[in-house]
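Asks: Here is a sequence with its predicted model. Questions after.
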Amino acid sequence: MDQKKSLSRRKFLGDAAAIGAIGALGVGAVVSSCSRRPTYVAPVFPDQAPDGRVLRAGVIGCGGRGTGAAMNFLNSGPNLEIAALGDVFQHRLDRCRNELKEKRSVDVPDDMCFTGFDAYRRVIDTDVDVVLLCEPPNFRPKSFEYAVQNRKHIFAEKPVGVDPVGIRQVMAAGRMAESAGLNVVTGTQRRHQRDYVKTFEMVKNGAIGDLVSANCYWNQSSLWFVRRQEGWTDMEAMLRDWVNWCWLSGDHIVEQHVHNIDVVNWFFEKHPVKGVGFGGRHRRPTGDQYDFFSVDFTFDDNRHMHSMCRQINGCANNVSEIIFGTKGYTNAQNTIWDYDGNVIWGYQYPIGDDGQPTGTVAVSPYDQEIINLVTAIRTGNYINETQNVSEACMTALMGRVSAYTGREVTWEEMMNSSMKLGPESLEMGSVDIPAVPPTPGTAAG
Amino acid sequence: MSKSRSTRRGRRYIIILPVILTALFLFLGDRIVRYTSTNEFCYACHSHPHAEESWRRSYHYDNRSGIYVQCAECHLPPPGNLKYLLAKAKHGANDVYGWLFKDPESINWEAKRTVEKAVRYTYDESCIKCHQNLFPMQLSQDGQQAHLYYSQHEDELSCLNCHLYVGHYSELVQEGIQFGVADEVEREVFTEPAVVADFVNFTEKIPGSSVGFEMVAIPGGTFKMGSPPDESYRRDDEGPVRDVEVSSFFMGRAQVSWDEFLAFYNATAAEGRQDNIYATNLGEVDAISGPTPPWGLPDQGWGMGSRPAITMTWYAAETYCRWLSAVTGRTYRLPTEAEWEYAARGGTEGAYFFEGDPRRFTRESLRNRIFGPDTAVISSYVIYRENSEARTQPPGYVRPNPFGLEHMLGNVFEFTGDWYAPDAYSLYPAGPVVNPVGPESGTERVIRGGSFNSDAVDVRVAARSQTRHAAWQMTDPQIPKSEWWYTDTREVGFRVVMEWEPGDQ
């Protein structure tokens, strides 16, 4: 009975709208007086991508992550091939190629393997359908744009750039990808992690009330580094040690901590408009980066996110987010508490062989993100995460620049900044970038 | 029985008649709405010259895809909702009023083609209804960044900020124009500046160029700065009136022209964007780094030559003065606000340097709106809203002031060196003030004199205004925004002064 009534009401509204003027006058009032907060339903991710015509992928950047992404691609469904490889270094490419051969019996022929600084172009110039962009972040904007121009679907690792110029280039290329119908999935894989996605659904539907503030962390032990060896040029030494050079990685607040910042932006459904941060360096043996950052971000409505990240051995470690609402708080991943400390909701993990919840999601988020990309390509359910990841990177940049300079840095400033890091031309030679971290209060950025 | 039957029939009519009438009304209404949105219907009344011709020369008529975009497709919102009908009613009423009461010859159609005016009858929704894809593959890098900027500021920007002439062609659009590239004509290139031996008018020569400009000797003196409380249309920031003494100086007879500014641009223009221009330029004068190339047409397509240079930032004007000082070996700078007003008054104490009352000249009052403002006297001294044809004019169109200075009022606002503060005059210590330079700090600079777009009350000699840097930068689609050029801030230019010490030779 009720259903019938509401159907006829909907029909009436539809008719009224068709009449135009009358509809415009009446509908707004009727709808707003009857509306309730619509229930958000999180997407259900498939365990495997559906079958379809063969999709061939090219890997750009054949390091650990590139090799991993190639495996994830092969895992994600039937009829998927790794067809081309590109890396600056021959030894890196060979290692990836051998691993694919040994573990997955994938043989990438010689004429589909490219080395040097233009390897990205040569991979994209082949007939591959998809590119997996896993090179050091400085190079991402150029390869991203070139991939869009050549109509490739894209998996792009995070971050998508190390400076405002590069990130804006990706933002624009992402819009072009959208207009061309090219799917883009990015390596902020928490958005493809089933427990996070379910928690987002709970929060979006009001489980912790209105969001008030958030903290996020990536505090870990020191990361890897590579000391310079005899016979290496500046460029080779930097590339082999790329996670320790700001012009290559964006520093670890951008390169790594962007994951957690992205989660907060995701849950708040917006990005901060300014940030004040500080940071410093005590332990890092190579490069020009900081060891730690601490940033107070402010949203346009004056809510705050605090972010901290550190890479030093022997300190308290923590990689997580915590989001506070008016009614409770959540770790954004799997649990919601009220302010009396009671768990009011928990994510139901799959049950393992021992009859206990496994504590991990059924499909690894690294597989899931590629499954979701391939599914989008094959089903036509379009996906494009460029804007999200670009905003997260730009947020992290605000934090980095603020910490480096000591100044308050605004979103508007980043969107208008001409900062572009790295040498003018890329070649294996000397690079005039000293291994000196910036000094707050005097650094230009 | 028969009575009740006829009542029943009557009742039936009562029910059926409104239904028929409503159906008829909707049918006819729809036909009328459609018919009154055709080009033919528009042409029937719209007598503005060249509207149709300029449309036929525009991209919206003459394009590779062979599509015509009709009048109502841009000049009304997309059809199908109340906004469309309301807009149609509004423009229709406006057009009927104009048709009945206005002489099309007397309307300044050119003035209607500025962005501020055009956004009133051109709808972004309608642009976007057809141009749904702001990021097509063919879009240039500049276009991508501009559309990215637009997508972050949709509320503050209009498509027309960058695409003003796409629907009606304008001669002002000269594609591929090379800004600042000198013509081929051979002229004498000055190697030395003018010789200035005495405190008399002279013509400065800019070394390294063939450009000269006239400087007028302004003997120092005292005057009453500001406007008395009984001056019509006076604003609070024009007082209290102060006795001010200024020393002798030279002042440009006219506003700095494009010829002069381009001499600077061509000598110093920086090829690409540079960070830290402020720090660089604070140092040695020979290290002056000049403007970057502008994004659009800084002259707004009005032509350059002796027309006042416009669209530059205060910083660009100030750097011009330092460059001019360096190449001439003299001290050129922007005038202080006091010097400006002293020079503009030329010994007079009224609202203008000529006879007249703002109440007679303004269009703001109800009386003048009905009967028309008095333009006889003011028009012979000032380029302002009533006589400007919506753009700047070169020197020679109006009479100079008692010091022989031209365009001190109107044409373009002029940058001064002072920071703006509404209470600047009351901040000076009691008694006569000698060579005041304004507040020590601030965020915006004083601009003076009013412009071609000002009403008569805003070209009063005491009227004060200020820069609005952030707002004026808003329509610069470049990333980062230029520190040298605004894109469509067309009402501000500047004039130089040269310092003179009695012992100078």
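Replies: Cool, got the structure. Numbers count the residues shown, from 1 in each chain, chains lettered A, B, ... in the order given.
Asks: near chain B, which residues of the stretch 151-300 of chain A?
Replies: A:168-169, A:171-173, A:175-176, A:178-180 (Cβ under 8 Å from any Cβ of the partner chain). Just so you know, the C-beta spots here come from the backbone N, C-alpha and C atoms, and that holds for glycine as well.
Asks: Try it again at 6 Å.
Replies: Taking Cβ under 6 Å from any Cβ of the partner chain as the contact definition, the stretch 151-300 of chain A meets chain B at A:171-172, A:175-176, A:179.
Asks: Contact partners for B:V69?
Replies: By Cβ atoms under 6 Å, 6 or more residues apart in numbering or on different chains, the residues touching B:V69 are B:H60.
Asks: helix/strand/coil for it?
Replies: Secondary structure, DSSP: H, G, I helix; E, B strand; the rest coil: B:V69 is coil.
Asks: returning to what we had before: out of the residues of the stretch 151-300 of chain A next to chain B, flag the one nearest to B:T203.
Replies: Checking those against B:T203 with Cβ to Cβ, the nearest one is A:A172 at 50.4 Å.
Asks: Which single helix of chain A contains the most residues?
Replies: helix A:386-405 (DSSP state H).
Asks: Tell me, how many residues neighbour residue 444?
Replies: With no chain named, the answer covers chain A. Counted by other Cβ atoms under 10 Å in any protein chain shown, the residues lying close to A:A444 total 11.
Asks: You answered for a different chain; I wanted chain B.
Replies: Neighbour count of B:E444, defined by other Cβ under 10 Å: 15.
Asks: Then A:C309?
Replies: As a burial measure, A:C309 scores 30 neighbours (other Cβ under 10 Å).
Asks: for A:P109, same thing?
Replies: A:P109: 9 neighbours (other Cβ under 10 Å).
Asks: Within range of chain A, give me the residues from chain B.
Replies: Chain B has residues B:81-82, B:85, B:133, B:135, B:137, B:144, B:148, B:273, B:479-481 near chain A, with proximity defined as Cβ under 6 Å from any Cβ.
Asks: What about those, which are in helices?
Replies: B:82, B:85, B:144, B:148.
Asks: quick one, what contacts the third one?
Replies: Each residue near B:Q144 by Cβ under 6 Å, 6+ apart is listed here: A:A172.
Asks: measure it to B:P477 for me?
Replies: 11 Å (Cβ to Cβ, to the nearest Å).
Asks: returning to that earlier point: starting at the chain centroid, how far to the next helix or strand after the longest helix of chain A?
Replies: Counting by DSSP states H and E, the next helix or strand C-terminal to helix A:386-405 is strand A:409-410. Put simply, strand A:409-410 sits 21 Å off its chain's centre (Cα atoms, centre = their mean, to the nearest Å).
Asks: Tell me how the chain divides into domains.
Replies: Using chain A here. Domains of chain A are assigned by automatic domain parsing as A:55-190, A:195-363+A:391-416.
Asks: Not quite, go with chain B.
Replies: Taken from automatic domain parsing, chain B resolves into B:16-161, B:202-499.
Asks: quick revisit: and the longest helix of chain A with chain B, contact?
Replies: No. On the criterion Cβ under 6 Å from any Cβ, helix A:386-405 is out of touch with chain B, staying 9.6 Å away.
Asks: what's that helix in contact with?
Replies: With Cβ under 6 Å, 6+ apart, helix A:386-405 has contacts from A:158-160, A:167, A:170-171, A:174, A:184, A:186, A:188, A:251, A:253-254, A:258, A:261-262, A:265, A:271-272, A:275-279, A:293, A:295, A:409, A:414, A:438, A:443, A:445.
Asks: buried subset of those residues?
Replies: Buried subset of the contacts of helix A:386-405 (neighbour count, 16 or more other Cβ atoms under 10 Å in any protein chain shown): A:158-160, A:167, A:170-171, A:174, A:184, A:186, A:188, A:251, A:253-254, A:258, A:261-262, A:265, A:271-272, A:275-279, A:293, A:295, A:409, A:414, A:438, A:445.
Asks: Out of those residues, name the ones that lie in strands.
Replies: A:184, A:186, A:275-279, A:293, A:295, A:409 (DSSP state E).
Asks: Tell me the one of those nearest A:F139?
Replies: A:T186 (15.3 Å).
Asks: how deep is the nearest residue to that closest one once chain neighbours are set aside tucked in, by neighbour count?
Replies: Closest residue to A:T186 apart from its sequence neighbours, by Cβ to Cβ, 6 or more residues apart in numbering or on different chains: A:V389 at 4.0 Å. Neighbours of A:V389 under the rule other Cβ under 10 Å: 28.
Asks: Can you say which two of the ones in strands among the buried ones among the contacts of helix A:386-405 are spatially most distant?
Replies: The two members of these with the most space between them (Cβ to Cβ) are A:V184 and A:F278, at 33.9 Å.
Asks: Which residues are in contact with the closest residue to B:H407 other than its chain neighbours?
Replies: Using Cβ to Cβ, 6+ apart and skipping residues adjacent in sequence, the residue nearest B:H407 is B:Q255, 5.6 Å away. By Cβ under 6 Å, 6+ apart, the contact set of B:Q255 is B:308, B:407, B:493, B:495.
Asks: Low-confidence ranges, the stretch 51-200 of chain A, go.
Replies: For the stretch 51-200 of chain A, no stretch has pLDDT under 70.
Asks: Would you map the strands across it?
Replies: In the stretch 51-200 of chain A, the segments counted as strands under DSSP state E, counting those that start in this stretch are A:55-60, A:80-87, A:113-115, A:130-133, A:153-156, A:184-186.
Asks: returning to that earlier point: quick check, the residue nearest to B:H407 in a strand?
Replies: No. Counting by three-state DSSP, B:Q255 falls outside a strand, being coil.
Asks: how near is it to chain A?
Replies: Separation of B:Q255 from chain A (Cβ to the nearest Cβ, to the nearest Å) stands at 30 Å.
Asks: before we move on, back to that, pick the most buried one from the domains of chain A.
Replies: Of these, the one with the most neighbours on average (mean count of other Cβ atoms under 10 Å in any protein chain shown) is domain A:55-190, at a mean of 21.
Asks: From start to finish, how long is that domain in a straight line?
Replies: 25 Å (Cα to Cα, to the nearest Å).
Asks: Who are the contact partners of the residue in the stretch 301-445 of chain A positioned nearest to chain B?
Replies: Going by Cβ to the nearest Cβ, chain B is nearest to A:N416 of the stretch 301-445 of chain A, at 4.3 Å. Applying Cβ under 6 Å, 6+ apart, we find A:N416 in contact with B:479-481.
Asks: Which parts of chain B are strands?
Replies: Using DSSP E, the strands of chain B run over B:202-205, B:212-218, B:221-225, B:242-246, B:249-252, B:332-333, B:413-419, B:433-434, B:445-448, B:464-466, B:492-493, B:497-499.
Asks: If you average pLDDT per helix and strand, which one of chain B comes out bottom?
Replies: helix B:277-282 (a mean of 50; mean pLDDT, DSSP states H and E).
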